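Peer 1: Pasted the sequence and its predicted model underneath.
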Amino acid sequence: MDDRVARFLSFLFHPLLIPTYLLVILLGIDTTYSVLLPLKMKLLVVGTILVTTFIFPLIVIFIMFRMKIVSSLYLPLREERIFPLITVAIFYYLTFYLIRNVYLPQNFQLFILGATLLTVVTLAVTLFFRISMHMIALGSITGLFIGMAITSDGYALFLVFGTILISGLTGSARLKLNAHQPVEIYSGWLMGAIVMCVTSFLL
């Protein structure tokens, strides 16, 4: 894999973009929302999620960078990830609080709540181990689709296969860029998948 392709995949599947991708997918596969939600409303909702789960956290992390709290926006050091993860957890929970009474796919609300929990778990793990946040995010969406496939008799099985493929490509990209060791890639994906899959059954 070329370095440019690896960087492109790393950006395209940035952990903070996963909630927005998930919402677009869920709105697209559920015909109910195609009928009840006009395009402008869909764009408004997706834009709101993009702002609260991607743009706002990124702005705060950029401020941390300017204040030299973190040395890089890529957060290469394990110790530097503590405050950014706290920031992400706060914005994820605020997003869940904001959408809890909004007519959105229940699986998406479940994902945001699970992602908040998963970010806290990641924060605890990061105190001892530099785990891949890219793979945690991709593992979490795969875990949600696995839960959906089981509860809907395989309805979301094609989504599971799709996210596993994307996870493999992104994991390879992270290894190509020397951003992580293999154990950090595999453990991140497994943690994300297990936590989100278990959350989908408990809640």
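Peer 2: Now that the structure is in, tell me what you want to look at. Numbers count the residues shown, from 1 in each chain.

Peer 1: in which helix or strand would I find residue 119?
Peer 2: Counting by DSSP states H and E, the element that carries residue 119 is helix 106-126.

Peer 1: hmm, who's touching that helix?
Peer 2: Contact with helix 106-126 is made by 19, 22-23, 26, 53, 78, 81-82, 85-86, 88-89, 92-93, 95-96, 99-100, 131, 133, 136, 140-141, 144, 148, 191-192, 195-196, 199-200, 203, as judged by CB atoms under 8 Å, 6 or more residues apart in numbering. The C-beta positions use only the backbone N, C-alpha and C, and glycine is treated the same way.

Peer 1: Which pLDDT value goes with the residue sitting furthest away from the middle of the chain?
Peer 2: Distance from the centre of the chain peaks at residue 35, with 27.3 Å (CA atoms, centre = their mean). Residue 35 is assigned 72 on the pLDDT scale.

Peer 1: Distance check, it against residue 193.
Peer 2: Noted for residue 35: a distance of 32 Å to residue 193, by CB to CB, to the nearest Å.

Peer 1: How much space separates residue 171 from residue 55?
Peer 2: Distance from residue 171 to residue 55, counting by CB to CB: 26 Å.

Peer 1: where does the chain dip in pLDDT?
Peer 2: Within the chain, the stretches with pLDDT under 70 are 34, 153-154, 203.

Peer 1: Please repeat the previous calculation with a cut-off of 50.
Peer 2: Within the chain, not a single segment meets pLDDT under 50.

Peer 1: how about the helices in it?
Peer 2: 3-12, 18-29, 31-36, 39-50, 56-66, 82-99, 106-126, 133-151, 157-176, 182-202 (DSSP state H).

Peer 1: Could you check how far the fourth one is from the centre of its chain?
Peer 2: Averaging C-alpha coordinates over helix 39-50 and over its chain gives two centres that are 18 Å apart (CA atoms, centre = their mean, to the nearest Å).

Peer 1: For burial, what's the neighbour tally of the closest residue to residue 157 other than its chain neighbours?
Peer 2: Ranked by CB to CB, 6 or more residues apart in numbering and with sequence neighbours excluded, the top spatial neighbour of residue 157 is residue 149, at 4.7 Å. When neighbours are counted by other CB atoms under 10 Å, residue 149 registers 17.

Peer 1: what's near enough to touch residue 149?
Peer 2: Taking CB under 8 Å, 6+ apart, we find residue 149 in contact with 155-157, 159-160.

Peer 1: now the contacts of helix 106-126: which count as buried?
Peer 2: Using 16 or more other CB atoms under 10 Å as the burial test, these include 19, 22-23, 26, 53, 81, 85, 88-89, 92-93, 95-96, 99, 131, 133, 136, 140-141, 144, 148, 191-192, 195-196, 199-200 as buried.
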